[in-house]
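Based on what follows, work out the 3D shape:
(chains A, B, C and D)
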Number of protein chains: 2
Amino acid sequence: MKVDKISELTTNRLSIYLRCLHELVAADIKTTSSDGLAKRFNLNSAQIRKDLAYFGEFGVRGVGYYVESLRDHITKILGLDRKHRVCIIGAGRLGTALANYYGFSQTNFEVVAMFDSSVDKIGQIVGNLTVFDLKLITEVVSKQQIDVAVIAVPANHAQSVLDEIASAGITAVLNFAPTPLRHNDELKLKTVDLTISLESLAFFLAKPTMENVNIVKPN
Amino acid sequence: MKVDKISELTTNRLSIYLRCLHELVAADIKTTSSDGLAKRFNLNSAQIRKDLAYFGEFGVRGVGYYVESLRDHITKILGLDRKHRVCIIGAGRLGTALANYYGFSQTNFEVVAMFDSSVDKIGQIVGNLTVFDLKLITEVVSKQQIDVAVIAVPANHAQSVLDEIASAGITAVLNFAPTPLRHNDELKLKTVDLTISLESLAFFLAKPTMENVNIVKPN
DNA sequence: TAATTCACGTGCTATTTTTCACATAATGAA
DNA sequence: TTCATTATGTGAAAAATAGCACGTGAATTA
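Numbers count the residues shown, from 1 in each chain, chains lettered A, B, ... in the order given. Take a look at the predicted model:
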């Protein structure tokens, strides 16, 4: 198997498989199969095999996958075999909630700094972290070896924050600001947009009357 | 144009277009074009036209789209022309942050109730809401006409919470618990999984050493 | 009024993603 | 050892998604 680019859909699923493998290890289960995994998420087993096959031959025909071994492989593939140091930009409610988010620590991500540009926030203590002035980001990022940033500022500030983050040398950013952001290809940006998720749900709720919508004609 | 099922990718984009149209209205811009919109998100203009064409012919050839009119149409399509009443299950940090999330109120979603099953939380005030006992959900949902639920409880409680939500008659759920959830087709579930997003970022950071990964052979 | 420009709507094509289905390899029983 | 069973890895087919390119209608200019 040879592939130049791994789809993000694949890496997302790897993350899902990994979580499941952690559970299987905890339950002291030694082997599993693509079919067994598939049923848990109602996915297709061939897809799981293919996702894994991009990176090597981890399975044993007639047996399946050794749980611990596969866990270790995926951990390595996703680069989770080392700690990632995270900073959060924006010490508002969302930023604060994220700073305390259990899921970070659970998966080798550690929040090591928070930033804000409001005088009210700078110097405050959130969890066990002091909020730094955003202006210091380049310095702190390099000193603290930060490699991931989380944007939790209002939409209208997000672009300038991203620009600063980028020039501070960070290349992986998780963005919670509901706005499109420009950036160059060196930087990987993932946006989590709650409004989009909500509005998609609303569409589902609106659906029953869809037939009408389709008949609608111009303005 | 005739289509039986609208892709979720399309509804997600509709939500993006809508946000942009709000901004254009605010800026007092009267018309726009698929090309104009496309450039803002670097999307393809044909895709935008197609997304819209699923629901009617909203544009005018040679002109483009009338901003207000299109905004109104998309608002209606997404079912945002009426208030949605939201409850949040889980009054922990995330639930609390979400209860105060500005984005909800901004887009015709109103958080009207919070639930928890811990005695520490029940009866507490979060924002301007009292935290109810989760056991009361069926009753409150019907009395308060709630149509959307947000799950913000630990992963190990999420399935049972979802089951209760479903039996209380809610059909649209936004889930923040990082776990796969079973549900029937009456119910629309959207999961926001921060761990997956983070681990995908980690993969990007790990990439430089990808060549090695590909050579790896069995256990 | 005729000619030109513009941008929509959409048939068709290309690309991406998923699924099928089978040859292959490992295991265990007879 | 041979046969049956199991589950992988993968080429090929199918489905879903995105993009091209052009016919068409509306507006504007001459």
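
got the contact list for the lengthiest strand in chain A?
Longest strand of chain A, by residue count under DSSP state E: strand A:109-116. Applying Cβ atoms under 8 Å, 6 or more residues apart in numbering or on different chains, the contact partners of strand A:109-116 are A:83-92, A:95, A:98-99, A:104-105, A:122, A:126-127, A:129-134, A:136-137, A:140, A:144, A:146, A:148, B:198, B:202. In this view, the C-beta of every residue, glycine as well, is placed from N, C-alpha and C.

Name the residues of that strand that are buried.
Of the residues in strand A:109-116, A:F109, A:V111, A:V112, A:A113, A:M114, A:F115, A:D116 count as buried by neighbour count, 16 or more other Cβ atoms under 10 Å in any protein chain shown.

Check the gap between the third one and DNA strand D for me.
The spacing between A:V112 and DNA strand D, counted by Cβ to the nearest atom of the strand, to the nearest Å, is 36 Å.

Go through chain A and flag its longest helix.
helix A:8-26 (DSSP state H).

And DNA strand D, is that helix touching that?
No: figure legend: helix A:8-26 not in contact with DNA strand D (Cβ under 7 Å from any atom of the strand); closest approach 10.3 Å.

Let me see the mean pLDDT of the host helix or strand of A:V131.
In the assignment (DSSP states H and E), A:V131 maps to strand A:129-133. Confidence over strand A:129-133 (mean pLDDT, whole number) is 97.

Going by neighbour count, which residues of it are buried?
Buried, per 16+ other Cβ under 10 Å, within strand A:129-133: A:L129, A:V131, A:F132.

And for stretch A:186-202?
Quick answer for stretch A:186-202 (16+ other Cβ under 10 Å): A:187-202.

pLDDT score for A:Q159?
97.

What of the one 4 residues further on?
Predicted confidence (pLDDT) at A:D163: the value is 97.

Now do it against A:R85, distance only.
21 Å (Cβ to Cβ, to the nearest Å).

And the two? Which one has more around it.
Neighbours were counted for A:D163 and for A:R85 using other Cβ atoms under 10 Å in any protein chain shown; A:R85 has more, 16 against 13.

Please settle this for me: is that one part of a strand?
Yes: under DSSP: H, G, I helix; E, B strand; the rest coil, A:R85 falls within a strand.

doesn't A:Q144 make contact with it?
Yes: applying Cβ atoms under 8 Å, one finds A:R85 in contact with A:Q144, separated by 6.2 Å.

Could you tell me the per-residue confidence at A:I74?
pLDDT at A:I74 comes out at 98.

what helix or strand is it on?
Going by DSSP H and E, A:I74 is in helix A:67-77.

got a list of what the residue nearest to A:I125 when sequence neighbours are not counted touches?
Nearest non-adjacent residue to A:I125, counting by Cβ to Cβ, 6 or more residues apart in numbering or on different chains: A:V131, 7.6 Å away. For A:V131, the contact set (Cβ under 8 Å, 6+ apart) comprises A:A91, A:M114, A:F115, A:D116, A:K121, A:I122, A:G123, A:Q124, A:I125.

Of all pairs in those residues, which one is the farthest apart?
Farthest-apart pair in the contacts of A:V131 is A:F115 and A:I125; separation 13.9 Å (Cβ to Cβ).

hmm, back to that, check which helices and strands the following helix or strand past the longest helix of chain A sits against.
Next along the chain after helix A:8-26, taking DSSP H and E as the criterion, comes strand A:31-32. If you count contacts as 3 or more Cβ pairs under 8 Å, 6 or more residues apart in numbering or on different chains; DSSP states H and E, strand A:31-32 packs onto strand A:64-66, helix A:67-77.
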